[in-house]
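A.B. asks: Turn this into a model:
(one chain, ligands or ions: 3)
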Amino acid sequence: MRTLIEKGTCVTASDTFLADVVIEDDKIAALGRDLGKVFDKIDKCIDASGKLVIPGGIDVHTHLDMPFGGTVSADDFESGTIAAAHGGTTSVVDFAIQPQGGGALMKGLHDWHAKAEGKAAVDYGFHMIVREVNKSSLAEMDQLVKHEGVTSFKLFTAYPGVFYVDDAQIFRALRKAGDNGALICMHAENGPVIDVLIEEAKARGETAPVWHALTRPPRLEGEASHRVLALAEVAKVPLYIVHLSAKEALDQVREARDRGVRAYAETCPQYLFLDHRNYQEPGFEGSKYVMSPPLRMPGNEQSLWQGLRLDDLQVVSTDHCPFCMKEKRLGENDFSRIPNGAPGIETRLYLTYDGGVRSGRISLNRWVQLVSTAPAKLFGLWPRKGTLAVGADADVVVWDPERRVTLSVKTMHMRVDYNPYEGRQVVGGPSQVLSRGKLVVEDDKFVGQKGHGRFLRRGQTLA
Ligand code: URP
Ligand code: ZN
Ligand code: ZN
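C.D. replies: Ligands and ions are numbered 1, 2, ... in the order given. Next up, the predicted model:
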């Protein structure tokens, strides 16, 4: 099967050039001018004149079919990856979870394979959440890296009793990563102190969703970030901070990088386009934005944009963890019982193109780097994914820079009954999305197949 994408403007993290793209089966076979004259038999031709041609988006932070907060996230691997494809994302890296009570990492991995296999519409990989670092989980980390293609692990300084691990455990995991080349990802908030603040607020009778944010102050994200960065510095290994929300945390990453620490961090669109005022929406609407870390005060997003521009932040991922309002209502009388998380797997490229590139905050090439190339490099997918190059997987998005889209629960494909950006109008969106050479979305119609997505055995980080 040979596909020709003609006359588009190809954009990679480093270059912008007019070229045709020839895809043979699942790989990019050629990039160049007038390739229609060079390759005789073309099975499908896509006219990309006036459009951008970019490598498919890579979302390295999703929670599909995840048991959490007394319920399960609303998108599974079928609905979540279809929604991802609609938004121009052709690879996701989801979080498999070590079973509670220190169960085997391999069991958690098998569970996640079972959730995804035969369902995913685009390619997927797994990180592993380690909730108990001990002799056996440390040994299994080696096994996962060497034999299972799972080369990154997430640990938490938040959620005591659920995912929290102490500093010694974090340090041991970092040492292990130093040996086996894995990347440790940290959820950095001071969970034990947050729990005291929650207890105090509840004792005063506070119940509203805004208290989720008020009991998770930015200083406690800054503090935890400082601590885990110091641990990585002493262990002499790279560290990746997930869903960084606050200037206080970004300052720590920047200072660590300036000291020479291999510190990396991602932020998410919710921290760039929403803020604390959303918690003040009437009734129980504020629960839509209950996520951890929480939305920050207006103005904080300026620091994040600067971090994205200056490379103190390297990735924009989503932390897609959707819950319908029925589930959010588990916390109607107690903000601490509202399931943490919000949808975003479909809206990441729309928001960052419109609010980033079109508004002049980042360049086109930086956009591609943040949503595709840097995640591929940091998480062992490059050069197979994350760029337009001969031999790379043909994960390609034809992006219409003039397409007008209203972000809404009515028009989007995530299996959740609200959209945090409801009614927001953006310009720019995918017209065709190809996953390994196969057209999966065309003119906002899903034309792919569940089960097309393959498990990505990832290599070592280039951090
Ligand atoms: O609120 C969030 N972020 N939910 C998902 C779990 C996590 O900490 O990433
Ligand atoms: Zn987290
Ligand atoms: Zn998350």
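
A.B. asks: near ligand 1, which residues of the stretch 201-350 of the chain show up?
C.D. replies: 243, 291, 292, 319, 321, 340, 341 (Cβ under 6 Å from any ligand atom). Backbone N, C-alpha and C define where each C-beta goes, glycine included.

A.B. asks: which one of those has the most neighbours?
C.D. replies: For these, the largest neighbour count, defined by other Cβ atoms under 10 Å, is 28 neighbours, found at residue 319.

A.B. asks: how about it, what does it touch?
C.D. replies: Counting by Cβ atoms under 8 Å, 6 or more residues apart in numbering, residue 319 makes contact with 61, 62, 63, 242, 243, 268, 270, 291, 341, 342, 344.

A.B. asks: 10 Å instead, please
C.D. replies: Shown in contact with residue 319 (Cβ atoms under 10 Å, 6 or more residues apart in numbering): 59, 61-63, 95, 187, 242-243, 245, 266-271, 291-293, 340-345.

A.B. asks: One more: residue 132?
C.D. replies: Listed by Cβ under 10 Å, 6+ apart, the contact set of residue 132 reads 98, 99, 100, 101, 102, 103, 105, 163, 165, 169.

A.B. asks: any idea which of the residues you listed is closest to ligand 1?
C.D. replies: residue 163 (7.5 Å; Cβ to the nearest ligand atom).

A.B. asks: May I ask which helix or strand encompasses the nearest residue to residue 181 once chain neighbours are set aside?
C.D. replies: Computed as Cβ to Cβ, 6 or more residues apart in numbering, the closest residue to residue 181 that is not its neighbour in sequence is residue 460, at 4.2 Å. Under the criterion of DSSP states H and E, residue 460 resides outside all helices and strands.

A.B. asks: Next, the contact list for residue 460, please.
C.D. replies: The contact partners of residue 460, taken as Cβ under 10 Å, 6+ apart, are 145, 151, 152, 180, 181, 182, 183, 379, 380.

A.B. asks: Take the residues you listed and lay them out in CSV including secondary structure and pLDDT.
C.D. replies: What follows is the contacts of residue 460, written out as CSV (DSSP: H, G, I helix; E, B strand; the rest coil; pLDDT from 0 to 100):
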residue, secondary structure, pLDDT
145, helix, 98
151, coil, 98
152, strand, 98
180, helix, 98
181, coil, 98
182, coil, 98
183, strand, 98
379, coil, 98
380, coil, 98
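
A.B. asks: Which among the residues you listed count as buried?
C.D. replies: Among those, those classed as buried by neighbour count (16 or more other Cβ atoms under 10 Å) are 145, 151, 152, 181, 182, 183, 379, 380.

A.B. asks: Give me every residue in the stretch 1-150 of the chain lying close to ligand 1.
C.D. replies: By the rule Cβ under 6 Å from any ligand atom, the part of the stretch 1-150 of the chain lying against ligand 1 is residue 63.

A.B. asks: Low-confidence stretches in the stretch 1-150 of the chain?
C.D. replies: Within the stretch 1-150 of the chain, no range satisfies pLDDT under 70.

A.B. asks: How about it: which residue is closest to ligand 1?
C.D. replies: For the stretch 1-150 of the chain, Cβ to the nearest ligand atom, closest residue to ligand 1: residue 63, 5.2 Å.

A.B. asks: List the contacts of the residue lying closest to that residue once chain neighbours are set aside.
C.D. replies: Nearest non-adjacent residue to residue 63, counting by Cβ to Cβ, 6+ apart: residue 321, 4.0 Å away. Shown in contact with residue 321 (Cβ under 10 Å, 6+ apart): 61-64, 66, 68-69, 73-75, 95, 243, 291-292, 339-345.

A.B. asks: quick one: residue 321 from residue 404, how far?
C.D. replies: Taking Cβ to Cβ, to the nearest Å as the measure, residue 321 falls 28 Å from residue 404.

A.B. asks: same thing with residue 422?
C.D. replies: To residue 404, residue 422 is 16 Å away according to Cβ to Cβ.

A.B. asks: hang on, the earlier thing: sort out which of the residues of the stretch 201-350 of the chain next to ligand 1 are in helices and list them.
C.D. replies: Counting by DSSP state H, no part of those is found in helices.

A.B. asks: starting at the chain centroid, how far to whichever strand or helix holds residue 169?
C.D. replies: Using DSSP H and E, residue 169 falls within helix 167-180. Distance of helix 167-180 from the chain centroid (Cα atoms, centre = their mean, to the nearest Å) equals 23 Å.

A.B. asks: buried sites along it?
C.D. replies: Residues 169, 170, 171, 172, 173, 174, 175, 176, 177 are the ones in helix 167-180 that count as buried (16+ other Cβ under 10 Å).

A.B. asks: Local confidence estimate at the second one?
C.D. replies: As summarised for this prediction, residue 170 has a pLDDT of 99.

A.B. asks: Quick check, it in contact with residue 229.
C.D. replies: No - judged on Cβ atoms under 10 Å, residue 170 makes no contact with residue 229 at a distance of 11.0 Å.

A.B. asks: Give the intersection of the neighbour lists for these two.
C.D. replies: 186, 239.

A.B. asks: Grab the nearest non-local neighbour of the closest residue to ligand 1 within the stretch 101-250 of the chain.
C.D. replies: The minimum distance from the stretch 101-250 of the chain to ligand 1, using Cβ to the nearest ligand atom, falls at residue 187 (5.0 Å). Among residues not flanking residue 187 along the chain, residue 156 sits closest, at 4.3 Å (Cβ to Cβ, 6+ apart).

A.B. asks: ok so, going back, with the residues of the stretch 201-350 of the chain next to ligand 1 in mind, which one is nearest to residue 32?
C.D. replies: residue 319 (38.5 Å; Cβ to Cβ).

A.B. asks: Which residues lie in contact with whichever residue of the stretch 151-300 of the chain sits closest to ligand 1 in this structure?
C.D. replies: The nearest approach of the stretch 151-300 of the chain to ligand 1 comes at residue 291, 3.6 Å away (Cβ to the nearest ligand atom). Residue 291 sits next to 212-213, 216, 243, 245, 268, 270-271, 274, 319, 321, 323, 338-342, 344, 420 when contact means Cβ under 10 Å, 6+ apart.

A.B. asks: The residue of the stretch 1-150 of the chain closest to ligand 1 contacts residue 93, doesn't it?
C.D. replies: No - under the criterion of Cβ under 10 Å, residue 63 makes no contact with residue 93, lying 11.0 Å away.

A.B. asks: neighbours around the closest residue to residue 174 other than its chain neighbours, how many?
C.D. replies: Distance criterion Cβ to Cβ, 6+ apart; nearest residue to residue 174, sequence neighbours excluded, is residue 235 at 3.9 Å. Using other Cβ under 10 Å, residue 235 is surrounded by 19 other residues.
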